[in-house]
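Colleague: take this sequence and fold it.
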Amino acid sequence: MSSLQGYVDRRVLLVLQDGRSIVGVLAGFDQKSNVVVSDCKERVYSMDEGVEEIPLGLYLVKGDMIALIGEIDDAIDAAVDLTTIRAEPIPPIRY
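Modeller: Next comes the predicted model:
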């Protein structure tokens, strides 16, 4: 994860090993890929209801919990109606 510098101050999606999806602005990171995400929300997916966004605020995520980090296109993300999306929650990674 040495290329995280390009994501600083940009909206990102983090998919964690326990299946959670976190969206927010990458505020910083360290040499162990621990990341600080500001203005963040957890997106909870469900087959019965739309996507629920739970506000988390400033969040620190340990680097070994991160499965994926990707930049979010704000225009596309704003155009998506999350209440219409139905999806199974991502299961946690089992070793």
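
Colleague: tell me which stretches of the protein form strands.
Modeller: 11-16, 21-29, 35-44, 52-61, 66-71 (DSSP state E).

Colleague: which residues touch the nearest residue to residue 83 once chain neighbours are set aside?
Modeller: The shortest distance from residue 83 to any non-neighbouring residue, by C-beta to C-beta, 6 or more residues apart in numbering, is to residue 50 (3.5 Å). Placement of C-beta: from N, CA and C, glycine included. Residues in contact with residue 50 (C-beta atoms under 8 Å, 6 or more residues apart in numbering) are 81-86.

Colleague: next: residue 81.
Modeller: Applying C-beta under 8 Å, 6+ apart, the residues near residue 81 are residue 50.

Colleague: residue 23 too?
Modeller: 11-14, 40-43, 53, 72, 77.

Colleague: go with 10 Å
Modeller: By C-beta atoms under 10 Å, 6 or more residues apart in numbering, the contact list for residue 23 reads 11-14, 37, 39-43, 53, 56, 72, 77.

Colleague: of these, which is the nearest to residue 65?
Modeller: residue 14 (8.8 Å; C-beta to C-beta).

Colleague: where in the chain is pLDDT low?
Modeller: Scanning the chain for pLDDT under 70 picks out 1-2.

Colleague: can you give me phi and psi for residue 73?
Modeller: The phi/psi pair for residue 73 (degrees, to the nearest 10) reads phi -80, psi 110.

Colleague: make sure it is actually in contact with residue 79.
Modeller: Yes - Residue 73 lies in contact with residue 79 (C-beta atoms under 10 Å); the separation is 9.4 Å.

Colleague: make TSV out of the strands of the chain and add distance to residue 3.
Modeller: Compiled in TSV, these are given as follows (distance: least, C-beta to C-beta, whole Å):
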stretch	distance to residue 3
strand 11-16	12
strand 21-29	10
strand 35-44	13
strand 52-61	17
strand 66-71	10
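
Colleague: alright, I will stop here.
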